[in-house]
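In: Predicted structure and sequence below. I'll ask about it afterward.
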Amino acid sequence: PALLSSEPEPIQTLIPLSMPDANTRRLNMQRATQEYEAEYSVCKCKPCHNGGSLALLDGKCLCLCLPQFEGLACQDAKADNNKNTKTPVESVPQEGNWSCWAAWSGCSGGKRIRTRSCNTQGLSDATCRGDIVTEDYC
């Protein structure tokens, strides 16, 4: 058999509804997952420069730089040892990182929303990939 398509599902859906106190257990699992995501999210970090990727290691924000850049935020171009020149920063796309999600709005019409902003501090012409708004049923 071949898997045709797959959609990720929240882990709490693995708790069978036939289990005693299933709804309470599902809510507890959902809350624990949200708290974990909030604590270990790179949304608290400042953006990396020059195409660097954010990583969180032991609770500390790190920038993983492209090979031609260095520095805590990948802000410095490495000199080319053969030519003694530096990579022009303009040639590397700048990408911000998302802030943490705001709190959920109140329930209206069976839905609630939350927003986040694109953190481009210190970057010019940077954008973030993904959605600024998400919604959920309530």
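Out: Ah, there it is.

In: can you give me the helices in the chain?
Out: 22-39 (DSSP state H).

In: so where's it uncertain?
Out: In the predicted model of the chain, residues 81-93 satisfy pLDDT under 70.

In: Tell me how it divides into domains.
Out: 11-40, 41-137 (automatic domain parsing).

In: mind giving me CSV with the ones you listed and columns for distance to Leu3 and mean neighbour count?
Out: From N, CA and C alone the C-beta is placed, and that goes for glycine too. Output for the domains of the chain, formatted as CSV (distance: least, C-beta to C-beta, whole Å; neighbours: other C-beta atoms under 10 Å):
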stretch, distance to Leu3, mean neighbour count
domain 11-40, 18, 12
domain 41-137, 25, 14
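
In: okay, these in TSV with distance to Ser5 next?
Out: What follows is those, written out as TSV (distance: least, C-beta to C-beta, whole Å):
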stretch	distance to Ser5
domain 11-40	17
domain 41-137	21
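
In: Minimum distance to Pro1: which of the ones you listed has it?
Out: Judged by C-beta to C-beta, the one of the domains of the chain that comes nearest to Pro1 is domain 11-40, at 21.1 Å.

In: Next, the distance between the ends of the closest one.
Out: 17 Å (C-alpha to C-alpha, to the nearest Å).

In: Distance from that domain to the middle of the chain?
Out: 21 Å (C-alpha atoms, centre = their mean, to the nearest Å).

In: Roughly how far does the closest residue to Pro67 other than its chain neighbours sit from Gly96?
Out: Nearest residue to Pro67, sequence neighbours excluded (C-beta to C-beta, 6 or more residues apart in numbering): Lys78, at 7.7 Å. Distance of Lys78 to Gly96, given as C-beta to C-beta, to the nearest Å: 23 Å.

In: Equivalent analysis for Pro20, please.
Out: 46 Å.

In: ok, now Asp21?
Out: For Asp21 relative to Gly96 (C-beta to C-beta), the value is 43 Å.
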